[in-house]
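Engineer: I would like the atomic coordinates for the input below:
(2 chains)
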Protein chains: 2
Amino acid sequence: MSIAEETKSIVEVEKGSIISPAGFTAGGVHTKVKRKRNDLGAIFCDVPASSAAVYTLNPIQAAPLAVTKESIAAEGKLQAIVVNSGNANSCTGEQGLKDAYEMRKKSSEAFNVPEHYVAVTSTGVIGEMLQMDKILSGVEAIETKGSFKDADSFNEAIMTTDTMKKHACYQMNVDGKKVTIGGVAKGSGMIHPNMATMLSFITTDANIEPSYLQQALSEVTNTTFNRITVDGDTSTNDMVVVMASGKSENEPLHPDHPDWSLFVKGLSLTCESLAKKIARDGEGATKLIEVEVKGAASDEEAGKVAKQIVGSDLVKTAVYGTDANWGRIIVAIGSTDAKIDPDNIDISIGSIPTLKNSQPVWFSEEQATEYLKNEEVTIHVDLNVGEGTGKAWGCDLTYDYVRINAGYRT
Amino acid sequence: MSIAEETKSIVEVEKGSIISPAGFTAGGVHTKVKRKRNDLGAIFCDVPASSAAVYTLNPIQAAPLAVTKESIAAEGKLQAIVVNSGNANSCTGEQGLKDAYEMRKKSSEAFNVPEHYVAVTSTGVIGEMLQMDKILSGVEAIETKGSFKDADSFNEAIMTTDTMKKHACYQMNVDGKKVTIGGVAKGSGMIHPNMATMLSFITTDANIEPSYLQQALSEVTNTTFNRITVDGDTSTNDMVVVMASGKSENEPLHPDHPDWSLFVKGLSLTCESLAKKIARDGEGATKLIEVEVKGAASDEEAGKVAKQIVGSDLVKTAVYGTDANWGRIIVAIGSTDAKIDPDNIDISIGSIPTLKNSQPVWFSEEQATEYLKNEEVTIHVDLNVGEGTGKAWGCDLTYDYVRINAGYRT
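Structural biologist: Here you go, the predicted structure:
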């Protein structure tokens, strides 16, 4: 079955969320760490769910990452994920680690599950101690709160400089059983290939063992969350956690299951949708930029070149200024170590060819400017040296990026 | 002799320039490619000068680079360097190469020297053909022009988005003979480690063979021009060319000459001074940022970490906003593959310690903000894993960077 055919049998659920898959609830509360918005949220599964996660590659990692890794390592199962925003519990030393364990313990009591079934995570300012009294009373409040079947209230609780909520949901049939995958994400700055200040939580009712879930997540992360960049920095707190309740009662998924690639594709669509929403919501951004590279020596090199282009401040400002400046694109192409033929590169901006065999072709500047006014802009590059393809996503660089980051203490 | 002692015997010549060393003249003219400012310049040496050069690492290279490489490869000697600004002669295919050869030929006639004694170089917009009639009449005019002993008029001719002229000059004694090194540079955007839209020309009256001059230049470039970043992109046109007239009549310099390291230090000071001026003049910049890393596993890794910090958009905006945001600095430190100990990093902003053993130390935000208002800001990092040291230079990221780059067609 080709990917196109697989995609056909995957349906996007428009208002779906992390509570669409069977077994999951979620919600958020306001603990007053932040002035107004919810700042503590939880996802709960009524059975122990197969779980897997990927983490930031920054060797400087916040305390909750160590605690969550420990939880998942125990059995590969989780029932609750508890997240606070406003404070990253990063660079907080031994006290920070103690606090993360305490947050896990309190959560395990509130949800009445073993401690190692709880993941904790934090996002916000680095280098300050958690206000544990607020966190702990928030944890107590959250489970009993009326709104605890409200993905939006959870989503609000994990936002920092985000300006929009980020949900995604897809459905497919796995051996005749309906399987749903829901996801939520936060992140708008410090976003880069290897997962910068971004968090994403994926839920599914698929039946799958933790090790295969990990395999699917790792594979998919590589071409989705690791292909977005806002400003090239990699935070200390990022993670993507996926929980699978098994409630759809399909035959356990594994790489030899006939619907394995369908499930992986569904997971990939969910992650790609969230990744693009993060890129679109880059700090100060007005546009989503998608770069699609083909003709590379390998898929990996195509992805590397795509990321270099979409991460170039000069390309990002040109898109902001609706300037079809392919000169900056070719400069970015030459800035990686990917194999290229300097005399044989093609570039199109949208459907407008601007460079063919590394030489300018005439195009209407007016038409190009008009195209660049769109909220989604695609740049196509053909390196003409092989069969590798890859995409990456980012956003334009604007006055507001400077305004937000010259003022916000992360 | 220690570096400190060497430095003592090197004197900065305050108003010195590329025409301070014996044998050199320079000037610029207005060919009307640009609206107002000089746009064609030349440096001339009245004897064949030992010459060496380093070039952009971008595999997509502009036509004049091929021609200049050919000239220097012939004998390692140059008498004239001719530069135009406003048009980079890049991505211009066969016609572009022909034009670069034609520019060299006309220059060799104007200065009455063999073609392979002429280097040509271009900077400006990519993808447009040179206006050869203007370039060629400019070349004819330049040698006879009254102002042809005017380093400023040459400097003006090589500027693009630069807002200030960039000269440097140092003197030292080599076997009792006075040796002068002068330099000039342009560049303010697309500046990155591996020499982005930047040009620099160094002259000296030292007596040195081309191969040793190349050795000295390559060594020095690595810790000066390759340690600056404005926006992380690498252009198609960059080069540093050095010419040595030999007129100071010192014994030929080579690595075993007692004053070799003194000469290399003098060259290094010249290049560092120019590199810092380029970083300070980054598009829209209001501040020079210097990052000094020590305690790295090697000098190379120290340099890599320093560049990562100074290239971080988040650090750059924080400095612009006078926000002592060490959280962003530690995030950048973790974003390279350099060896670090996540629990043992020290960070100071100016002389204000902000992080010790990876944990926040109290500091006065007010005092830090006051310090960050300076036009030169230094960030000190101790990785505490080895003896490696290294510096890098960049600038803050401002509203004006966005304004300039959302509009300027490079």
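Engineer: For the rest of this, base every contact and every neighbour count on C-alpha atoms.
Structural biologist: Noted.
Engineer: Start from the N-terminal end of the stretch 51-200 of chain A and give the strands.
Structural biologist: A:77-87, A:118-125, A:167-174, A:177-186, A:199-204 (DSSP state E, counting those that start in this stretch).
Engineer: How are the helices of the stretch 1-150 of chain A distributed by residue range?
Structural biologist: A:3-8, A:63-75, A:93-111, A:132-144 (DSSP state H, counting those that start in this stretch).
Engineer: can you tell which of those helices is closest to A:E365?
Structural biologist: For the helices of the stretch 1-150 of chain A, the distance to A:E365 is smallest for helix A:3-8, at 34.6 Å, taking C-alpha to C-alpha.
Engineer: so how far is chain B from the nearest residue to A:G246 once chain neighbours are set aside?
Structural biologist: Nearest residue to A:G246 in three dimensions, chain neighbours excluded: A:N207, at 3.7 Å (C-alpha to C-alpha, 6 or more residues apart in numbering or on different chains). Look at A:N207 and chain B: by C-alpha to the nearest C-alpha, to the nearest Å, they are 36 Å apart.
Engineer: Tell me if I'm right that A:N207 and A:H254 touch.
Structural biologist: No. Counting by C-alpha atoms under 8 Å, A:N207 does not reach A:H254; the two are 9.7 Å apart.
Engineer: A strand includes A:N250, no?
Structural biologist: No. Looking at A:N250 with DSSP: H, G, I helix; E, B strand; the rest coil, it is coil, so not inside a strand.
Engineer: quick one: terminal-to-terminal distance for stretch A:317-336?
Structural biologist: End-to-end distance for stretch A:317-336, by C-alpha to C-alpha, to the nearest Å: 20 Å.
Engineer: Distance from the chain centre to it, please.
Structural biologist: 25 Å (C-alpha atoms, centre = their mean, to the nearest Å).
Engineer: Could you give the number of residues near the residue nearest to A:G246?
Structural biologist: By other C-alpha atoms under 10 Å in any protein chain shown, the residues close to A:N207 number 22.
Engineer: And A:N112, by the same measure?
Structural biologist: Applying other C-alpha under 10 Å, I find that A:N112 has 12 neighbouring residues.
Engineer: quick one: contacts for it?
Structural biologist: A:N112 makes contact with no residue, according to C-alpha atoms under 8 Å, 6 or more residues apart in numbering or on different chains.
Engineer: per-residue pLDDT, it?
Structural biologist: A:N112 is assigned a predicted lDDT (pLDDT) of 94.
Engineer: just A:D231 next, same as before
Structural biologist: 57.
Engineer: quick one: A:L213 and chain B, what's the gap?
Structural biologist: Note on A:L213: its distance to chain B, by C-alpha to the nearest C-alpha, is 27 Å.
Engineer: Can you classify that residue by secondary structure?
Structural biologist: Following three-state DSSP, A:L213 is assigned to helix.
Engineer: wouldn't it be in contact with A:G76 here?
Structural biologist: No. Judged on C-alpha under 8 Å, A:L213 makes no contact with A:G76 at a distance of 9.7 Å.
Engineer: Quickly list what's touching both of these two.
Structural biologist: Counting by C-alpha under 8 Å, 6+ apart, the residues touching both A:L213 and A:G76 are A:50-52.
Engineer: Next, format these as JSON lines and append pLDDT and distance to chain B.
Structural biologist: Compiled in JSON lines, those are given as follows (pLDDT from 0 to 100; distance: C-alpha to the nearest C-alpha, whole Å):
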{"residue": "A:S50", "pLDDT": "98", "distance to chain B": "31"}
{"residue": "A:S51", "pLDDT": "98", "distance to chain B": "27"}
{"residue": "A:A52", "pLDDT": "97", "distance to chain B": "24"}
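Engineer: ok, so of these, who is nearest B:Y117?
Structural biologist: A:A52 (65.0 Å).
Engineer: What residues are bridge-paired with the closest one?
Structural biologist: For A:A52, the beta-bridge assignment (DSSP bridges) gives partners A:V242.
Engineer: Give the burial count for it, as a bare number.
Structural biologist: Residues contacting A:A52 under the criterion other C-alpha under 10 Å number 27.
Engineer: Show me what from the stretch 301-410 of chain A comes close to chain B.
Structural biologist: Residues of the stretch 301-410 of chain A lying close to chain B by C-alpha under 8 Å from any C-alpha of the partner chain are A:312-314, A:317-323, A:325, A:327-328, A:330-332, A:334-335, A:342-343, A:358-360, A:397-399, A:402-403, A:405-407, A:409-410.
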